[in-house]
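Quick one, what's the 3D model for this:
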Amino acid sequence: MKKARFLKSAAILAVFVLSVLALTACVSTPPIEATWALSSISGNGNMSMELSNTLSAAKSAGFEVNMTFSGGKGSISVQGFAPQAFTYTLSGSKITMVIDGISSVCTWTVSGNTLTLDYAGSHLVLTKKN
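Next comes the predicted model:
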């Protein structure tokens, strides 16, 4: 009787473990989570004007500008300068980024190796690095 109960418990445990593993395999990393190189900034919106102006100036001066997104933490790095850290949350196609206490909500789309961030009429286009 004990052996039958043990085997039944072991079978239930095995099914539970396999179910958890199967569910875990279905969870994938959002495609935005990578390092991206800034390709262009366009539009006339007011995407945190300071950030937009800084990125535009750096890009125009020939500096490489990268944005990294990983597990809710990100950074903006410009060649020769200290990286700017930020946090972010994803909700569908919306990303909320908090940089220096200022929160901005953008729409993000990934198509192939291109990430586009749209914010109030401004568009950042980035190319995947990794």
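
Quick check: neighbours of the helix or strand containing N66 in the sheet, parallel or antiparallel?
Assigned by DSSP states H and E, N66 falls within strand 65-70. Paired strands of strand 65-70, with direction, are strand 35-43 (antiparallel), strand 73-78 (antiparallel) (DSSP bridges).

If we go by neighbour counts, what in the longest one is buried?
Buried residues in strand 35-43, counted by 16 or more other Cβ atoms under 10 Å: 35-36, 38, 41. All C-beta atoms are positioned from the backbone trio N, CA, C, and that covers glycine.

got it, and the last one?
Neighbour counts over strand 73-78 (16+ other Cβ under 10 Å) mark 74, 76-78 as buried.

How many residues are close by the residue nearest to T89 when sequence neighbours are not counted?
On the basis of Cβ to Cβ, 6 or more residues apart in numbering, the spatially nearest residue to T89 that is not a chain neighbour turns out to be T96, at 5.0 Å. When neighbours are defined as other Cβ atoms under 10 Å, T96 has 13 of them.

my guess is T96 meets T107, correct?
No - assessed by Cβ atoms under 8 Å, T96 is found out of contact with T107, at 11.1 Å.

distance of the closest residue to S77 other than its chain neighbours from A120?
Distances taken as Cβ to Cβ, 6+ apart place P83 nearest to S77, at 4.2 Å, with adjacent residues excluded. Counting by Cβ to Cβ, to the nearest Å, the separation of P83 from A120 is 25 Å.

could the buried residues of strand 35-43 go into CSV alongside distance to T29?
Output for the buried residues of strand 35-43, formatted as CSV (distance: Cβ to Cβ, whole Å):
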residue, distance to T29
T35, 13
W36, 14
L38, 22
I41, 26
